[in-house]
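Asks: Predicted model and sequence below, questions to follow.
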Amino acid sequence: MNWPQIIVTVVTLGSIFGVVTLSLNLQHARGGMINFGIVAYFAVGAYAYAIFTQPAPQGLDQYKFGFGWPWPVALVAAAAAALLFAAITGWPTLRLRGEYLALTTFAFAEVFHSFLLNERRIGNGTVGLANVKRPISDWGPIEEKYVFAGAAALLMIATLLVFRRLLRAPYGRALDAIRDDEVAALAAGKPVQRMRRQVFLISAIPVGIAGGLYAMFTTLAQPSLFTAEVTFIVWIALVLGGERSVYGAVAGTLGLIFFEEVVRAWPFETVRSAQIAASAEHIVTGLLFIAVLRFQPFDRIAERVKATR
Amino acid sequence: MLFLQFLTTGVVTGCFLILATIGFSLTRRVEGFLNIAHAELLGVGAFTTWWLNADKDWHIVPAGVAAIMFTALVGLFVARLIYDPIRERGPAVLLITSTGVAFVIGGVIDAMIGTGIRTLEIGLATSYEPFGIRITNYQLIVVAFAAVVSVSLALFLNRTRTGLAIRAMSVNPDLAASRGIDVRTTSRATWLLSSGLAGLAGVMLAVLATLTTDLPFAQILQILAVAILAGLGSLYTVILSGLIIGIAMDVSVYWIPAGYRPLVAFSLVILVLLFRPEGLAGTRAA
């Protein structure tokens, strides 16, 4: 087992998905919205980054747009695209509540996925966009993978700080009030609908940037990377870490990605045993998820900490 | 002519979707939550059939019956073990938990079956061509089952004691309990019934399609589409909306590439959710 490599990968992927979990935490635990289509916003960021950095199409390329712009512009474009997508999907869906909202966001993500699969003019269809541009290939003495891990961690910490700042401000308390009792918040003069929409939009921005970073890291923007499974994984990470705290969301994601990477890097003797291990990964993830939801250990710890204070 | 062919295939798809969705809607109606793991129960049914039929050389009929019974028991077991203890936490937690259940069942199926494609030992389909429209005997079986299940479910829910108890419980569990209905027995009967229906749909999936382990879960998208269009929890409109989604998906192939089938189904769903969230049934499904 190549532990240093595993740890670098866990920090990189864990931070990238950690950003998504943090946004989900903001939407769900604070805004009371169930977004079952979070992968779509992530995919929009990744594709936007890829499209803005790709050279103009040539030869066998089927995509129509490639601007060949520098990467910082493309990252901004990724954030903007995710924001725009959130505005388009949020405007009609946020009137809905609970499971209806979950289903509509899920449906939007599926439609978007199917669109990416079939519309060759955007991103080559199933093949996707390969060789997505990485910023600078020569970092002197530092290896590129460490640069990526650092960048991803930085993005995650920045997201965490911004969200924490936002939630500790009066704005965050108003959000909690809306989540706990919408009618009372409305009676107290809080613009409930507008704030829900704002949270939905704000949380899409870091998801878009994380998508761009993911495309950079994997150098790929392909529909198969953005299936409903990503949504489920992020939800599992959120539940694992305890929905009530931003640190829990990060810890849950890192833990889950670590577990996945270890299973992936394990030296298996036969193909069959590797297959079984991959299924076992699903089984254990699912069981953990069920157990955490049922016994809620993190809520209990949080309560105990509060009681001793 | 080609259009009529697509229409016919659409009806078959619709009939399969009816079978796959009725159990899901029954769970939603009586237990009050969306059981995402329902699609994996289709997988349990399909792969049990495959194992008995292709591996153990059973005839398809006893293999199918055994698979349906086994699936019903698995569904009941999962419900008693996992869903019952967290019932009072509300539908959102149950919905999220059921994705975990889907992961576990899917993982178990994956571990036991492995990758690759599987087909039953039932010979190739015989096709008939009345009026130049092709339909196979297996497709006709699916249509027949959808019709039989719809009619017998209606009779069951309206004429039998258990069926009436299920309906009473779905409307008002507390009132049903105070009127002397055994809520726990009724809930178990519902789980057996809805999971058994998932098993039947799984057998049909095995008969119609070449099986891969990710095929069952892919059905959840269409099941959700049909259930939403019908109005969550309503049963009779599932028949109508199953046909609408099936026909819409297959007929759309006439104009646009086949890859867009799920997009067509979900665009319909989004439209319905935005303009008529209560679905075709028209009743408030809160």
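Replies: Cool, the structure landed. Residues are numbered from 1 along each chain as shown, chains lettered A, B, ... in the order given.

Asks: Alongside chain A, which residues does the stretch 151-286 of chain B contribute?
Replies: B:221, B:224-225, B:228, B:232, B:257, B:259-260, B:262-263, B:266-267, B:269-270, B:273-274, B:277 (Cβ under 8 Å from any Cβ of the partner chain). Any C-beta I mention is one placed from the backbone N, CA and C, and that applies to glycine too.

Asks: are any of the residues you listed buried, and which?
Replies: Listed as buried from those are B:221, B:224-225, B:228, B:232, B:260, B:262-263, B:266-267, B:269-270, B:273, B:277; burial here means 16 or more other Cβ atoms under 10 Å in any protein chain shown.

Asks: Okay, and which of the residues you listed map to helices?
Replies: Those of those mapping onto helices are B:Leu221, B:Leu224, B:Ala225, B:Ile228, B:Pro262, B:Leu263, B:Phe266, B:Ser267, B:Val269, B:Ile270, B:Leu273, per DSSP state H.

Asks: just checking, the last one touches A:Tyr100?
Replies: Which is B:Leu273. Yes. B:Leu273 lies in contact with A:Tyr100 (Cβ atoms under 8 Å); the separation is 6.5 Å.

Asks: With pLDDT as extra columns, can I get the ones in helices among the buried ones among the residues of the stretch 151-286 of chain B next to chain A in CSV?
Replies: Formatted as CSV, these follow (pLDDT from 0 to 100):
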residue, pLDDT
B:Leu221, 81
B:Leu224, 86
B:Ala225, 85
B:Ile228, 83
B:Pro262, 77
B:Leu263, 80
B:Phe266, 78
B:Ser267, 81
B:Val269, 78
B:Ile270, 77
B:Leu273, 73
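
Asks: Can you show me the helices along chain B?
Replies: Under DSSP H, chain B gives helices at B:2-31, B:38-50, B:60-78, B:91-113, B:137-159, B:161-171, B:173-178, B:183-208, B:215-230, B:236-252, B:261-275.

Asks: typo on my end, it should be the stretch 101-250 of chain A
Replies: Shown for the stretch 101-250 of chain A, the helices assigned by DSSP state H, counting those that start in this stretch span residues A:120-123, A:144-168, A:170-180, A:182-187, A:192-218, A:228-240, A:246-265.

Asks: in the second one, what's buried?
Replies: Along helix A:144-168, these residues count as buried under the neighbour rule (16+ other Cβ under 10 Å): A:Lys145, A:Phe148, A:Ala149, A:Ala151, A:Ala152, A:Ala153, A:Leu155, A:Met156, A:Thr159, A:Leu160, A:Phe163, A:Leu167.

Asks: and the nearest residue to B:Val108 once chain neighbours are set aside, how many neighbours does it have?
Replies: Ranked by Cβ to Cβ, 6 or more residues apart in numbering or on different chains and with sequence neighbours excluded, the top spatial neighbour of B:Val108 is A:Ile283, at 6.2 Å. For A:Ile283, the tally of surrounding residues (other Cβ atoms under 10 Å in any protein chain shown) stands at 18.

Asks: hmm, back to that, select, out of the helices of the stretch 101-250 of chain A, the one closest to chain B.
Replies: Nearest to chain B among those is helix A:228-240 (5.5 Å), distances taken as Cβ to the nearest Cβ.

Asks: buried set for the closest one?
Replies: Of all the residues in helix A:228-240, those buried under the rule 16+ other Cβ under 10 Å are A:Ala228, A:Val230, A:Thr231, A:Phe232, A:Ile233, A:Val234, A:Trp235, A:Ile236, A:Ala237, A:Leu238, A:Val239, A:Leu240.

Asks: same deal with stretch B:146-154?
Replies: B:Ala146, B:Val149, B:Ser150, B:Leu153.

Asks: Mind pulling up the pLDDT for the third one?
Replies: pLDDT recorded at B:Ser150 is 89.

Asks: Distance of the spatially closest residue to it that is not a sequence neighbour relative to B:Leu229?
Replies: With sequence-adjacent residues excluded and distances taken as Cβ to Cβ, 6+ apart, B:Ser150 is closest to B:Ile239, at 5.3 Å. Taking Cβ to Cβ, to the nearest Å as the measure, B:Ile239 falls 11 Å from B:Leu229.

Asks: Of those two, give the one with the bigger neighbour count.
Replies: Neighbour tally, B:Ile239 and B:Leu229, criterion other Cβ under 10 Å: the higher count belongs to B:Leu229, 27 against 23.

Asks: Relative to chain A, how far out is the closest residue to that one other than its chain neighbours?
Replies: Excluding the flanking residues, the one nearest B:Leu229 by Cβ to Cβ, 6+ apart is B:Ser241, at 3.9 Å. From B:Ser241 across to chain A, the span is 14 Å (Cβ to the nearest Cβ, to the nearest Å).

Asks: Give me the neighbour count for B:Ser241.
Replies: 28.

Asks: now swap in B:Asp57 and tell me
Replies: 9.

Asks: Quick check, B:Gly199 in contact with B:Gly45.
Replies: Yes. Look at B:Gly199 against B:Gly45 with Cβ under 8 Å: they come within range, at 3.5 Å.

Asks: intersection of neighbour lists for the two?
Replies: B:Ala67, B:Ile68, B:Phe70, B:Thr71 (Cβ atoms under 8 Å, 6 or more residues apart in numbering or on different chains).

Asks: mind checking pLDDT for residue 128?
Replies: The chain I'm using is chain A. Confidence score, pLDDT, at A:Gly128: 76.

Asks: Let me rephrase: I mean chain B.
Replies: Looking at B:Tyr128, the pLDDT reads 77.

Asks: near chain B, which residues of chain A show up?
Replies: A:34, A:92-93, A:96, A:98-100, A:102-104, A:106-108, A:110-111, A:114-115, A:117-118, A:232, A:235-236, A:239, A:272, A:275-276, A:278-283, A:285-287, A:289-290, A:293-294.

Asks: can you rerun that using 7 Å?
Replies: Counting by Cβ under 7 Å from any Cβ of the partner chain, the positions of chain A adjacent to chain B are A:34, A:92, A:96, A:98-100, A:102-104, A:107-108, A:110-111, A:114-115, A:117-118, A:232, A:235, A:239, A:275-276, A:279-280, A:282-283, A:285-287, A:289-290, A:293-294.

Asks: SS state for the residue lying closest to A:Ala274 once chain neighbours are set aside?
Replies: Excluding the flanking residues, the one nearest A:Ala274 by Cβ to Cβ, 6+ apart is A:Phe268, at 4.0 Å. At A:Phe268 the chain is in coil, as set by DSSP: H, G, I helix; E, B strand; the rest coil.

Asks: backbone phi and psi for A:Phe268, please?
Replies: Backbone torsions for A:Phe268, taken as degrees, to the nearest 10, come to phi -90, psi 150.

Asks: ditto for B:Glu121
Replies: The phi/psi pair for B:Glu121 (degrees, to the nearest 10) reads phi -90, psi 70.

Asks: now it: how far from B:Ile68?
Replies: The value you get for B:Glu121 to B:Ile68, if Cβ to Cβ is used, is 19 Å.

Asks: and if you look at A:Met1?
Replies: Going from A:Met1 to B:Ile68 by Cβ to Cβ gives 45 Å.

Asks: cool, A:Asp176 as well?
Replies: Distance from A:Asp176 to B:Ile68, by Cβ to Cβ: 48 Å.

Asks: quick one, which of these two is more surrounded?
Replies: Neighbours were counted for A:Asp176 and for B:Ile68 using other Cβ under 10 Å; B:Ile68 has more, 23 against 15.

Asks: so who does the more buried one touch?
Replies: B:Gly45, B:Gly196, B:Gly199, B:Leu200, B:Val203 (Cβ atoms under 7 Å, 6 or more residues apart in numbering or on different chains).
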